[in-house]
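Undergrad: here is a sequence with its predicted model. Questions after.
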Amino acid sequence: MTLRVQILKDKFSQGLGLPFKELLPESAIKLAISELKIKYKKRLFDPFVTLWAFLSQVLDTDKTCNNAVSKIIAPKS
């Protein structure tokens, strides 16, 4: 892995909250959902939060669901 990629990965995995929220805005996800005609119900974790948490979980060294959920609730605390 190149140094730049490693630095970016470290930044995202060590940060609080959901860093992908800024990189992949809700508007872009809504557009894709609309184009694909995907229907979903508003839940506690909507498709936007779920995707951001999943991306964070994949890059995190911990990889646990508990850690991903803690990133969701971190900014609200």
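TA: Nice, thanks for sending it over.
Undergrad: how about Ile7, phi and psi?
TA: Backbone torsions for Ile7, taken as degrees, to the nearest 10, come to phi -60, psi -40.
Undergrad: any idea how far it is from Pro25?
TA: The gap separating Ile7 from Pro25 is 23 Å, by Cβ to Cβ, to the nearest Å. C-beta here means a position set from N, CA and C on the backbone, and glycine is covered the same way.
Undergrad: do Ala68 as well
TA: In this view, Ala68 and Pro25 are 19 Å apart by Cβ to Cβ.
Undergrad: now name the helix or strand holding the spatially most central residue of the chain.
TA: Of all residues in the chain, the one closest to the mean position by Cα atoms, centre = their mean is Trp52, 1.5 Å from it. Secondary-structure assignment from DSSP states H and E places Trp52 in helix 47-59.
Undergrad: for that helix, buried residues please.
TA: Across helix 47-59, burial judged by 16 or more other Cβ atoms under 10 Å covers 47-53, 55-57, 59.
Undergrad: likewise for stretch 27-40?
TA: Buried residues in stretch 27-40, counted by 16+ other Cβ under 10 Å: Ile29.
Undergrad: what about Ser70, neighbour count?
TA: Neighbour count of Ser70, defined by other Cβ atoms under 10 Å: 15.
Undergrad: for it, give its distance to Trp52.
TA: In terms of Cβ to Cβ, Ser70 sits 13 Å off from Trp52.
Undergrad: which residues touch stretch 5-24?
TA: 1, 48-49, 51-53, 55-56, 59-61, 71-72, 74-75 (Cβ atoms under 8 Å, 6 or more residues apart in numbering).
Undergrad: how about stretch 35-55?
TA: In contact with stretch 35-55 (Cβ under 8 Å, 6+ apart) are residues 18, 20-21, 24, 26, 29-30, 33, 68-69, 71-72.
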